[in-house]
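*Asks:* just the structure for this:
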Amino acid sequence: MKKTASIFILFLLCALFLVACGKNKNSATAEPNSDVSYENGSDLTGVVKDIDRAGGLISFYNPVIDGEETFIYTGATSVQTKNGSEMSMDEVELGEVYDIVIDKSGGKLAKMTMKKDVIEETDARIFPDSDRQIITVEGVNYAYSEGVVALSGGQPIDPMEITSADRVTFRGGNGKVYSVIVTRGHGYLEPEDYADFVGGTLMIEGESILPVTEGMLVVVPEGRTKIKMRNGDLESEGETDVSRNMVAKLNMKQSMSQVPDTARVTFHIHPDGAELYINGSMVSYSEPIPMYYGLHSVRVVLEGYNTYQGTIRIKDPEPTFRIDLAEEVAAVEEKEDETGQTSDGSTVEPDDSGSLDPSNADYDVDHSITVSAPNGASIYINGTYKGVAPCSFTKCIGQITITLQKEGCQTKSYSMEILDDSQDTTLSFPELAASE
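*Replies:* Numbers count the residues shown, from 1 in each chain. Below you'll find the predicted structure:
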């Protein structure tokens, strides 16, 4: 009897202990505060790639999966700016970046809000690098993948087709490219009747200065383009309208005229037999050369001797330049000292009527670039004709624009950087699309 009472008391104490513990335990709030509005985060971030306004469909590039996703939108779909203001779907532009909410019940687009932390650069130049899969804009590198939104005239393009002549609206963030939309593209200028200017310079207003060579096809910005050719005493100016991805022709002989106040430049080059290139074209220096005042690139080449590459400034009527090439004995880094002596032994001596500014070499004469495809396409480097693919030519170093042209096909250009890696370079490009 006493044992049974003890067990009952022990049982009672345990029950009281459990009740007490239950009273002290914290419990979750059954309902959130009704005075506070709660909203789930976005389902994904998407870059607008295409809008089918008639069918009520919108396609996004999803950077996370590097793929495209398409959703139905309706009049009930909320479209908002970065600050939360409502906007219409008609105001949405290709390439814009949105945080997206999907209606789970119907799989439709419930809400899209402009992403706040997007970096946007308008009227920008970009420099794509396909080997490293990066695009450089304003000195900053951004990674891109195959599915990135890159558009010109609403049509998808390879980022490598964007040249230095183009202007774009760039959007990116977190080190990634979201979209690149070409706002001002490029076309092509094919000068005609300009034999008198070969060896001179071609100036594209506000863009670049190029050597004049035979068979030129130059990448120029779309719109009204002004160009000027000069060679010695001769000058010609002209302008024409250039359409995106189309070739415009301009006759340079019709406006040719004599230019006063050009200099007669004398070159004394040792040893005899060296080749002299002015602005990329080989010229004879047995007599004074008529040259326009200003800067000109100079290259002197002779087998067995170190090549000289530099820039001369013409500022007086009859300047003289003396260039002595050193024998090629070893590969050393060139560095000019205050006396005009280079580390390879070459000397360059302008007289008081001119000045000579050394510059880094633009060519690797010991190596070549080979373009293997597309077969039969004419190849131009920075507007200069190089041959018909497959073809090889002296390797040029740095940022270049390579243009492909073929009868009955659309002309295409690619921007790329050629590295000074002391190796031959082989390039292959997709077949050109047929002309429309």
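
*Asks:* dump the residue contacts of S243.
*Replies:* 187, 222 (C-beta atoms under 8 Å, 6 or more residues apart in numbering). C-beta: built from backbone N, CA, C; applies to glycine.

*Asks:* ugh, typo on my part, it should be Y380
*Replies:* Counting by C-beta under 8 Å, 6+ apart, Y380 has contacts 216-217, 386, 402-405.

*Asks:* what's the answer for S281, then?
*Replies:* 198-199, 211-213.

*Asks:* let's go with 10 Å and repeat that
*Replies:* Contact partners of S281, counting by C-beta atoms under 10 Å, 6 or more residues apart in numbering, are 198-201, 211-214, 231, 384.

*Asks:* for the chain, what spans make up the helices?
*Replies:* According to DSSP state H, the chain carries its helices in the segments 2-24.

*Asks:* going by distance to E93, which of the contacts of Y380 wins?
*Replies:* T403 (29.9 Å; C-beta to C-beta).

*Asks:* which pLDDT does the model give the closest one?
*Replies:* Looking at T403, its pLDDT is 94.

*Asks:* on that earlier part again, could you dump the contacts of Y380 into JSON lines and include distance to T370 and neighbour count?
*Replies:* Compiled in JSON lines, these are given as follows (distance: C-beta to C-beta, whole Å; neighbours: other C-beta atoms under 10 Å):
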{"residue": "M216", "distance to T370": "22", "neighbour count": "22"}
{"residue": "L217", "distance to T370": "20", "neighbour count": "20"}
{"residue": "K386", "distance to T370": "11", "neighbour count": "21"}
{"residue": "I402", "distance to T370": "12", "neighbour count": "23"}
{"residue": "T403", "distance to T370": "16", "neighbour count": "25"}
{"residue": "L404", "distance to T370": "14", "neighbour count": "23"}
{"residue": "Q405", "distance to T370": "18", "neighbour count": "20"}
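
*Asks:* isn't S297 up against G280?
*Replies:* Yes. Applying C-beta atoms under 10 Å, one finds S297 in contact with G280, separated by 6.8 Å.

*Asks:* what touches both of these two?
*Replies:* With C-beta under 10 Å, 6+ apart, S297 and G280 have common neighbours 201, 211, 362.

*Asks:* out of those residues, which is nearest to I58?
*Replies:* Taking the shared contacts of S297 and G280 together and measuring to I58 by C-beta to C-beta, the closest member is D362, at 47.3 Å.

*Asks:* ok, that closest one to V180 distance?
*Replies:* 28 Å (C-beta to C-beta, to the nearest Å).

*Asks:* for this protein, name the helix or strand with the lowest mean pLDDT.
*Replies:* strand 354-358 (a mean of 39; mean pLDDT, DSSP states H and E).
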